[in-house]
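[1] need the 3D shape of this:
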Amino acid sequence: MISSEDKELLYLQRNLQKLDHEKLKRAETILRNAFYDIFDDNEG
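    You can find the predicted model right below:
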């Protein structure tokens, strides 16, 4: 059984895959700024 948290992550992943490179980079910047405390700069 898939948890509701996993369903949310799958939803985000499916929709991020639809973005072109420019929009994906913009989404990454937004997520890094919103959740700066959980992103590790060594990951890329």
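
[2] contacts, neighbours, all on C-alpha from now
    Noted.

[3] contacts for the helix or strand residue 24 falls within, please.
    Using DSSP states H and E, residue 24 sits within helix 21-34. Residues outside helix 21-34 that contact it (Cα atoms under 8 Å, 6 or more residues apart in numbering): 16, 39.

[4] buried stuff in it?
    Along helix 21-34, no position meets the burial threshold by neighbour count (16 or more other Cα atoms under 10 Å).

[5] OK, contacts around residue 8?
    By Cα under 8 Å, 6+ apart, residue 8 lies in contact with nothing.

[6] the strand or helix carrying it - what's its average pLDDT?
    Per DSSP H and E, residue 8 falls inside helix 4-16. Averaging pLDDT along helix 4-16 yields 95.

[7] okay, that helix in CSV with CA atoms only?
    In CSV, the C-alpha atoms belonging to helix 4-16 read as follows (Å, rounded to 0.1, in the frame of the first residue of the first chain):
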residue,chain,number,x,y,z
SER,A,4,-0.3,9.4,1.2
GLU,A,5,3.2,11.0,1.5
ASP,A,6,4.5,8.7,-1.2
LYS,A,7,1.5,9.6,-3.4
GLU,A,8,2.3,13.3,-3.0
LEU,A,9,6.0,12.6,-4.0
LEU,A,10,4.9,10.6,-7.0
TYR,A,11,2.6,13.4,-8.0
LEU,A,12,5.4,16.0,-7.8
GLN,A,13,7.8,13.7,-9.7
ARG,A,14,5.3,13.1,-12.5
ASN,A,15,4.7,16.8,-13.0
LEU,A,16,8.3,17.8,-12.7
